[in-house]
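*Asks:* sequence-free structure coming up:
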């Protein structure tokens, strides 16, 4: 939810909505990496839960800044109330995917956001 909201706001040169103080962390995985991990899982004999994701954490404030950098506009952030059920940390343990599937996320946050910015620019109507 944060990625689309951040890109919409940044492309419209509006403050990015940050819930809470922005110190909560998330781990983001670019879709190409996610699909590759899922394909490897489908082709494997591995059973049971396997986390496919990127364990690298980023704070919501760092993410907001990175999205603004990717878009080339820096309208700042607007702090909003943090939902009660919003976790402080969201980070997958991808060790099983790494060992059983020989897989790990390859696309960096900056590269993934640059690709996503290109998509949002083409998908969103001009502000």
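*Replies:* Received it, and whenever you're ready, just let me know what you need. Worth saying up front: this structure is predicted, and the values here are computed from it rather than measured.
*Asks:* so residue 89 makes contact with residue 58?
*Replies:* No. Residue 89 is not in contact with residue 58 according to CB atoms under 8 Å; the separation is 11.3 Å. The C-beta positions use only the backbone N, C-alpha and C, and glycine is treated the same way.
*Asks:* what residues do the two have in common as contacts?
*Replies:* When contacts are counted by CB atoms under 8 Å, 6 or more residues apart in numbering, residue 89 and residue 58 have residue 25 as shared neighbours.
*Asks:* of these two, who's got more company?
*Replies:* Set side by side, residue 89 and residue 58 show more neighbours around residue 58, with 16 against 9, by other CB atoms under 10 Å.
*Asks:* Could you grab the helix/strand/coil label for that one?
*Replies:* Three-state secondary structure (criterion: DSSP: H, G, I helix; E, B strand; the rest coil) places residue 58 in strand.
*Asks:* If it is in a bridge, with which residues?
*Replies:* The residues paired with residue 58 through beta bridges, assigned by DSSP bridges, are residue 26.
*Asks:* residues contacting it?
*Replies:* Here residue 58 is in contact with 25-28, 66, 109 (criterion: CB under 8 Å, 6+ apart).
*Asks:* try residue 46
*Replies:* Taking CB under 8 Å, 6+ apart as the criterion, residue 46 is in contact with 96, 100-101.
*Asks:* now those residues as JSON lines including secondary structure?
*Replies:* Listed next are those as JSON lines, based on three-state DSSP:
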{"residue": "96", "secondary structure": "helix"}
{"residue": "100", "secondary structure": "helix"}
{"residue": "101", "secondary structure": "helix"}
